[in-house]
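K.L.:
coords please:
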Amino acid sequence: MEFEPVIGLEVHAQLKTKSKIFAPESTEFGGSPNSHVSPICLGLPGVLPVLNKEVLNLAFKAAIALNCELHLRSRFARKNYFYPDLPKGYQISQYEEPFSTGGWVEIGTNGSTKRINLTRIHMEEDAGKLVHENHGNSSFVDLNRAGVPLVEIVSEPEIASAEEAVEYMKNIRSILRYIGVCDGNMEEGSLRCDANVSVRPKGSDKLGTKAEIKNVNSFRYVQKAIEYEIKRQIMAVENGEEIVQETRLFDSNKGVTFSMRSKEEAHDYRYFPDPDLLPVVMEENHIEELRRSLPELPDKKLARFKEEYKLPDYDAGVLTSTIEIADYFESCLKKHNNPKIVSNWIMTEVLRELKDDDDIDSFPISPDKLGELLNLIENGTISGKIAKEVFEDMLSSGKTAEEIVKEKGMTQISDQSELENIVSQILADNPDAIAKYKAGDQKLMGFFVGQVMKETQGKANPKVVNEILRKGLSD
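P.N.:
You can find the predicted model right below:
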């Protein structure tokens, strides 16, 4: 019997605010344990939560960008469960009245486009973090994350493979980063997901029993965890075992999932409206302001780059992978209006130097400076080979291309008579190579060009050199 997987993802994205969702403490990553806490985060008697308005703005922006249906009225609910990282004994989330439902994300699959529908997006607070490593048999609790604002983006069970799951999550990350809602830093836990995985006989419309893989925080681990879980469940069914609805964790060292606890149903959490928080009521005109504030989204920018700049699919995909790289590319075009040349240099020279795409904002060679360097190639001042040397010098010195070329005397030699004299001497010194060339060994043209470049220390204009050589070798 053939089986097919059915996958749904719950993506948790930390909203890019300075303070928590209901408390004034910092959301900054990396503080000493339990240094970003307050009586509100700890749920101490007599304190009341106050909703951070910026959380609301960012959450609605995310829902707009993900094509959701927005609800002017929503409310928070208490999700009750007991765990050491949840100091109040409940998590403030949304249940029956989320602020948005529906929506969709498109992914590329097998050369075509597939739409993954969303169930809902809702706001909630994060829990704390349990620290198990390097403490023997003890676990420690760090509550710095408790109360950090999240949106949970819940997909329909329409994802058909681990590869599709990764593509879906990458697209969500790209969109959220484009609109400035989430920094998408998976290593710091700003973006992570729970994967609900089940299998069923191929062609069946009945869903199998699902297992939830909890808190996976890298694309690589998302793929490996889902792939392992699919194989585990198929093997279990083939062996006559019953799939148990449960929550599992992924061991990245061993590449396996393992059981954490039985999976709760919604009624197990005893949701009820939070009595300390009023319903959230949004005005239509404020939502429209948020809608107008959104930048051009990745799919629209990708299509425009291909249409307006005539770029290949691959180039356009790389350049629109983040809004920072896309902006750098378009800023550079203002100085050097050749999209393909600019694209090539960004994809090879610039991106090679970046450890992270975010670093392009602080890259030592500004778009203007790169454009000026490319202008020097176009007008024949320097060759492409010399330009790469100049680029390296610009990285270390911070100087402009013109300054470096002038200081080091790197200007390309394009003078016809000067190059004719050099070529004449090289041809005179290599009669045997000339004879072989005329006998049909056309590859020797590269030898002659190399000799000219050696003689001129790489400064000769290749185009002029080739013209002079072809004329000289035909005589």
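K.L.:
next, the buried residues of stretch 213-224.
P.N.:
I213, K214, V216, N217, S218, F219, Y221, V222, Q223, K224 (16 or more other CB atoms under 10 Å). Any C-beta I mention is one placed from the backbone N, CA and C, and that applies to glycine too.
K.L.:
in TSV, list those residues along with secondary structure.
P.N.:
Putting these into TSV (DSSP: H, G, I helix; E, B strand; the rest coil) gives the following:
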residue	secondary structure
I213	strand
K214	strand
V216	strand
N217	coil
S218	coil
F219	helix
Y221	helix
V222	helix
Q223	helix
K224	helix
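K.L.:
tell me the contacts of N338?
P.N.:
By CB atoms under 8 Å, 6 or more residues apart in numbering, the contact list for N338 reads L374, E378.
K.L.:
secondary structure element for the residue positioned nearest the centre of the chain, which one?
P.N.:
Nearest to the mean C-alpha position of the chain, by CA atoms, centre = their mean, lies S174 at 5.1 Å. In the assignment (DSSP states H and E), S174 maps to helix 162-178.
K.L.:
residues in contact with that helix?
P.N.:
Against helix 162-178 from outside (CB under 8 Å, 6+ apart): 5, 7, 9, 11, 13, 62, 65-66, 105-109, 114, 116, 153, 155, 159, 182-184, 186, 191, 193, 195, 219, 222-224, 226-227, 230, 295, 297-298, 321-323.
K.L.:
now the helices for the stretch 351-475 of the chain?
P.N.:
With DSSP state H, counting those that start in this stretch as the criterion, the stretch 351-475 of the chain has helices at 351-353, 367-378, 384-397, 401-408, 416-429, 431-438, 444-455, 462-474.
K.L.:
my guess is Y90 contacts Y83. True?
P.N.:
No: Y90 sits out of contact with Y83 when judged by CB atoms under 8 Å, with a separation of 10.5 Å.
K.L.:
so between those two, which is more surrounded?
P.N.:
A side-by-side neighbour count of Y90 and Y83, using other CB atoms under 10 Å, places Y90 first with 19 against 13.
K.L.:
from M260, how far out is that one?
P.N.:
Using CB to CB, to the nearest Å, Y90 is found at 20 Å from M260.
K.L.:
F272 now?
P.N.:
Taken as CB to CB, the span from F272 to M260 is 26 Å.
K.L.:
next one: K406
P.N.:
In terms of CB to CB, K406 sits 65 Å off from M260.
K.L.:
please apply the same query to K202.
P.N.:
29 Å.
K.L.:
look at those two and report which has more neighbours.
P.N.:
Using other CB under 10 Å as the criterion, K202 and M260 rank with M260 on top: 14 against 9.
K.L.:
the more buried one touches T247, doesn't it?
P.N.:
Yes: the pair M260 / T247 is scored as a contact, 4.7 Å apart, by CB under 8 Å.
K.L.:
any residues in contact with both of those two?
P.N.:
Common contact partners of M260 and T247 (CB under 8 Å, 6+ apart): K214.
K.L.:
my read: K340 touches L311, true?
P.N.:
Yes: under the criterion of CB under 8 Å, K340 makes contact with L311 at 6.8 Å.
K.L.:
those two - which one has more neighbours?
P.N.:
Neighbours around K340 and L311, counted as other CB under 10 Å, are more numerous at L311. The numbers are 21 against 12.
K.L.:
so what's that one up against?
P.N.:
Here L311 is in contact with F305, L319, P339, K340, S343 (CB under 8 Å, 6+ apart).
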